[in-house]
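In: just to be clear, the model below is a prediction. Sequence and coordinates:
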Amino acid sequence: MHIVPANGADIPALGFGTFRLKGPQVLEVLPRALHLGFRHVDTAQAYGNEAEVGAAIRRSGVARGEVFLTTKVWVDRFRHDDLIASVDESLARLGTDYVDLLLLHWPNQAVPLAEQIEGLNAVHRAGKARHIGVSNYTIALMQEAVRLSAARLATNQVEYHPYLDQSRLLAAAREAGLALTAYYAMADGKVLRDPLLTDIAARHGRSIAQVVLRWLVQQDGVVALSKTASPARAAENIAIFDFALSPEEMAAISSLAEPAGRIVSPPGLAPDWDAAA
Ligand SMILES: NC(=O)c1ccc[n+]([C@@H]2O[C@H](COP(=O)([O-])OP(=O)(O)OC[C@H]3O[C@@H](n4cnc5c(N)ncnc54)[C@H](OP(=O)(O)O)[C@@H]3O)[C@@H](O)[C@H]2O)c1
């Protein structure tokens, strides 16, 4: 697996996502995923599974220092002191004294962005987060966060799959040295029924999931997250570093993007998204 350099962070290009994995499922699948070679794990305060994520990493026998571990601060903990307290609680649940990456989970105007970013920086200065970043940020919000932060931001984690054009956001992230971390690669299952992806997958003797994850990690500056409760699918999803898509295939997959391709836009959380390119 290759590493994506991101303003001083070295992020393994494929991460194991844990959204919607309940504690017992995490304990079952995550040690298997680590044995398969996953070295990047994504959780969040809001997922309610940090304790099991920490336990699964320890149970796997893979050294903590070999795992790139991300968590995210939920939007109701963005006031300065509360953000710091929430990270201490996360670290206690995870059973570790640092995370590799700490993100603000969604934008939230209720607390000034400068205060949120200073909270991240305070945690970073204390050595409790090796790197910091944001999630679900628009281009303008990301650029504002970059301007406000003393420490360089490593990533903006956003929805990205073949039906959602993120080329403008990706260009802006590259310009500022951030990685774009892609979630929802399977587009809620829609990619699995796509005729073009079916054709490309057949040509390579791969699954559609592999083609989509490959399309993501083959783009400069892109990190992909992949969640599955199934160890067999985890094995499938990590087997994407021994083949390549042609430039024509990359472009054809990108051309599947639709103006209404965005799926994740929770009312009360979602910002005023950038227009599709
Ligand atoms: N920052 C944010 O706001 C945010 C939002 C959403 C997600 N995320 C992060 O991104 C990660 C990935 O996103 P996601 O979990 O929503 O979506 P995903 O990785 O696109 O997976 C969606 C579904 O696809 C299925 N799947 C996985 N591999 C497959 C395969 N090889 N063949 C067929 N189906 C397959 C899985 O079902 P099975 O489990 O049944 O295999 C999974 O539930 C999350 O777990 C989380 O860590 C972040």
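Out: Received the coordinates, thanks. Residues are numbered from 1 along each chain as shown.

In: just the closest residue of the protein to the ligand, please.
Out: Closest approach between the chain and the ligand, counting by Cβ to the nearest ligand atom: Gly17, at 2.3 Å. Where C-beta positions appear, they are placed from N, C-alpha and C, glycine not excepted.

In: give me the pLDDT for the residue lying closest to that residue once chain neighbours are set aside.
Out: Computed as Cβ to Cβ, 6 or more residues apart in numbering, the closest residue to Gly17 that is not its neighbour in sequence is Lys227, at 3.5 Å. pLDDT, Lys227: 98.

In: same question for Ala275.
Out: Looking at Ala275, the pLDDT reads 85.

In: need the contact partners of the helix or strand containing Gln116.
Out: Using DSSP states H and E, Gln116 sits in helix 113-125. In this structure, residues lying in contact with helix 113-125 by Cβ atoms under 8 Å, 6 or more residues apart in numbering are 73, 78-80, 83-84, 87, 102, 104, 107-108, 129-132, 141, 144-145, 148-151.

In: quick one on the thing from earlier: so the residue nearest to Gly17 makes contact with Phe16?
Out: Yes. Checked against Cβ atoms under 8 Å, the pair Lys227 and Phe16 is within contact range at 7.2 Å.

In: compare neighbour counts for the two and give me the winner.
Out: Counted by other Cβ atoms under 10 Å, Lys227 and Phe16 do not tie: Phe16 has more neighbours, with 29 against 21.

In: quick one: contacts for the closest residue to Gly23 other than its chain neighbours?
Out: Leaving aside its sequence neighbours, Gly23 sits nearest to Glu52 (Cβ to Cβ, 6+ apart; 4.0 Å). By Cβ under 8 Å, 6+ apart, the residues touching Glu52 are 23-24, 26-27, 30.

In: ok, now how distant is Met186 from Glu159?
Out: Separation of Met186 from Glu159 (Cβ to Cβ, to the nearest Å): 11 Å.

In: again, but for Phe68
Out: 21 Å.

In: with Leu245 instead?
Out: Applying Cβ to Cβ to Leu245 and Glu159 gives a distance of 21 Å.

In: now swap in Gln25 and tell me
Out: 22 Å.

In: again with Val212
Out: The value you get for Val212 to Glu159, if Cβ to Cβ is used, is 13 Å.

In: state the number of residues packed around the residue lying closest to Gln218 once chain neighbours are set aside.
Out: Using Cβ to Cβ, 6+ apart and skipping residues adjacent in sequence, the residue nearest Gln218 is Leu245, 5.9 Å away. Neighbour count of Leu245, defined by other Cβ under 10 Å: 18.

In: same question for Arg147.
Out: Neighbour number of Arg147 under other Cβ under 10 Å is 11.

In: in three-state terms, label it for me.
Out: helix (DSSP: H, G, I helix; E, B strand; the rest coil).

In: residue contacts, it?
Out: So Arg147 contacts nothing (Cβ under 8 Å, 6+ apart).

In: and the pLDDT for it?
Out: 98.

In: for Leu141, see how far away it is.
Out: Arg147 is 11 Å from Leu141, by Cβ to Cβ.

In: report the buried residues of stretch 59-71.
Out: 60, 62, 67-71 (16 or more other Cβ atoms under 10 Å).

In: can I get that stretch as CSV, trimmed to CA atoms?
Out: Taking C-alpha atoms only, stretch 59-71 is exported to CSV below (Å, rounded to 0.1, in the frame of the first residue of the first chain):
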residue,chain,number,x,y,z
ARG,A,59,-6.1,-7.6,20.3
SER,A,60,-4.7,-7.7,16.7
GLY,A,61,-1.1,-7.8,18.0
VAL,A,62,-0.2,-5.1,15.5
ALA,A,63,1.9,-2.5,17.4
ARG,A,64,0.0,0.7,18.1
GLY,A,65,2.9,2.6,16.4
GLU,A,66,2.2,0.8,13.1
VAL,A,67,-1.5,1.9,12.9
PHE,A,68,-2.6,5.3,11.6
LEU,A,69,-5.6,6.0,13.9
THR,A,70,-8.1,8.8,13.2
THR,A,71,-10.9,10.0,15.4
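
In: alright, that wraps it up for me.
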